[in-house]
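Undergrad: heads up, no residue letters with this:
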Ligand SMILES: NC(=O)c1ccc[n+]([C@@H]2O[C@H](COP(=O)([O-])OP(=O)(O)OC[C@H]3O[C@@H](n4cnc5c(N)ncnc54)[C@H](O)[C@@H]3O)[C@@H](O)[C@H]2O)c1
Ligand SMILES: O=C(O)C[C@H](O)C(=O)O
């Protein structure tokens, strides 16, 4: 192994997703078994000590691919030279907080992080935003990084996609590896649209294999879209290991390419495809080759899908207009 280590920045490193994510990155699961990594952890000042504790544990794993760990509370330091940035740290909604308050609080995090990425990251920087509201936080960061190509900013809907795979496999009594092209459209929120329209199960159309519109509308879609809330209800904390796993899947596919015949789901900057307004960060079916996610083109959108996509996109437009109104973009 002779390659120079790749700098990977993780924000919110002392949080629960951070704890589930860092060890997998350091073991080579993010970029591959021939790529050494240097971890750069960003935390708020009061959480630096906890981040140092996690770094001690990372040291104690003696991962051959981990070439070093830096810890900082300054985004300008943490994003310096970063080729991959996982923006996990965010301000959660607390009691009595309005939607506008949440967007404003997160603007205070993602605006300076976007600026720091713009000014300090490596030329090949790729950004995945996990912290909620992920699509709009990604938009805020992207808007403050004018020197970085817009398509390097993405938001995570891969967890929703993985959830959809699992639900469909259970319904049809197949394994997830029998399924392809099952994707998420729109926002990482309860309005998201997990679509069977183009999905295949053992080569056959998934919607036809299910042949149960009532299950699709009343069971499958709400179960996937509200799974995050169900996990919070059951665990008393939001999903962490599954979120970290999805972040690994998202970046691994982005860098190494999606498998032949598979589509991923990712929030990417819209180029106007499928009537999604240009510039907003919406989930689409995507494939990756040569380190670039591209929106799958030329799909027929049936009437049911059109309504669902439009509803979720309308929410994204509302969020964009709200952050614009707050002067965050
Ligand atoms: N997109 C998805 O599918 C998905 C799934 C699960 C969770 N999430 C979101 O991911 C985020 C993190 O979840 P978690 O469970 O790890 O939360 P957590 O509260 O356990 O950890 C968040 C960490 O972020 C840190 N932080 C806050 N502001 C920061 C800043 N400005 N810079 C750096 N670090 C900062 C906090 O100190 C904390 O350690 C939440 O917003 C959650 O809603 C998204
Ligand atoms: O943190 C949340 O609100 C839920 C999270 O986005 C999830 O999908 O698990």
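TA: Sure, I can see it. A quick note: this is a predicted structure, and the numbers were derived from the prediction, not measured. Ligands and ions are numbered 1, 2, ... in the order given.
Undergrad: helix or strand: which one has residue 317?
TA: Residue 317 belongs to helix 303-325 when elements are defined using DSSP states H and E.
Undergrad: do that helix and ligand 1 meet at all?
TA: No: judged by CB under 6 Å from any ligand atom, helix 303-325 and ligand 1 are separated, with a smallest distance of 14.0 Å. Every C-beta, even on glycine, is put in place using the N, C-alpha and C of the backbone.
Undergrad: buried residues in that helix?
TA: Of the residues in helix 303-325, those buried by neighbour count under the rule 16 or more other CB atoms under 10 Å are 305, 308-310, 312-313, 315-316, 319-320, 322-323.
Undergrad: give the contact list for residue 66.
TA: 26, 36-39, 58 (CB atoms under 8 Å, 6 or more residues apart in numbering).
Undergrad: separation between residue 137 and residue 259?
TA: Distance check for residue 137 against residue 259: by CB to CB, to the nearest Å, it reads 29 Å.
Undergrad: which one of those two is surrounded by more residues?
TA: A direct count of neighbours by other CB atoms under 10 Å for residue 137 and residue 259 places residue 137 higher, at 29 against 12.
Undergrad: going on from the one helix or strand residue 265 maps to, what's the next piece of helix or strand?
TA: Applying DSSP H and E as the criterion places residue 265 in strand 264-269. Heading C-terminal from strand 264-269, the first helix or strand you meet, by DSSP H and E, is strand 281-289.
Undergrad: helix or strand next in line after that following strand, which one?
TA: strand 292-295.
Undergrad: and that next one, which strands flank it?
TA: Within its sheet, strand 292-295 is paired with strand 281-289 (antiparallel), according to DSSP bridges.
Undergrad: circling back to that earlier point, so among the contacts of residue 66, which ones count as buried?
TA: For the contacts of residue 66, a neighbour count by 16+ other CB under 10 Å gives the buried set as 26, 36-39, 58.
Undergrad: who's in contact with the spatially closest residue to residue 261 that is not a sequence neighbour?
TA: Closest residue to residue 261 apart from its sequence neighbours, by CB to CB, 6 or more residues apart in numbering: residue 180 at 5.8 Å. For residue 180, the contacting residues are 199-200, 261-263, by CB under 8 Å, 6+ apart.
Undergrad: in space, what's closest to residue 221 - neighbours in sequence excluded?
TA: Nearest non-adjacent residue to residue 221 (CB to CB, 6+ apart): residue 194, at 5.9 Å.
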